[in-house]
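Asker: only geometry, no sequence info:
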């Protein structure tokens, strides 16, 4: 079994910064893509940023230039640094990892429990 544990959410004023982290643990042979999603009340979950095992990144247009995704492969951890936060960034943020648990080639998606980010004055 694989667990993803997120941390770092909270309340911040507009223009402020927050950093999220998500650590994977358990039966892990290798981790491929890692990503952050978010879901605001009444809205669908959306992909915010994704990073490959080689470090290539992609972002949704609304966060480009403000958010940075990174990962530490030795620690099986993905990070999301969020700067210049806006009220519309308010959402529950979820990490996802594509994990190969053992020597077999099957890859599974695992999700974190979510962490709330609220941007408000």
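Answerer: Nice, thanks for sending it over. Just so you know, these numbers come straight off a predicted model, no measurement behind them. Numbers count the residues shown, from 1 in each chain.
Asker: looks like residue 114 contacts residue 6 (just checking).
Answerer: Yes - with contact defined as Cβ atoms under 8 Å, residue 114 reaches residue 6; the gap is 6.8 Å. (C-beta placed from N, C-alpha, C; glycine too.)
Asker: more neighbours, these two?
Answerer: residue 6 (21 against 17; other Cβ atoms under 10 Å).
Asker: contacting residues for that one?
Answerer: Neighbour list for residue 6: 20, 21, 22, 93, 94, 95, 112, 113, 114, 115 [criterion: Cβ atoms under 8 Å, 6 or more residues apart in numbering].
Asker: SS state for the one residue sitting closest to the centre of the chain?
Answerer: With distances taken as Cα atoms, centre = their mean, residue 36 lies nearest the centre of the chain, 2.7 Å away. Using DSSP: H, G, I helix; E, B strand; the rest coil, the structure places residue 36 in strand.
Asker: begin at 2, not 1, for the rest of this chat.
Answerer: Shifting the count to begin at 2 puts that one at residue 37.
Asker: what is the burial count for the residue nearest to residue 40 when sequence neighbours are not counted?
Answerer: In space, residue 40 comes closest to residue 46 once its chain neighbours are excluded; the distance is 4.1 Å by Cβ to Cβ, 6 or more residues apart in numbering. Counted by other Cβ under 10 Å, the residues lying close to residue 46 total 15.
Asker: brilliant, that's me finished.
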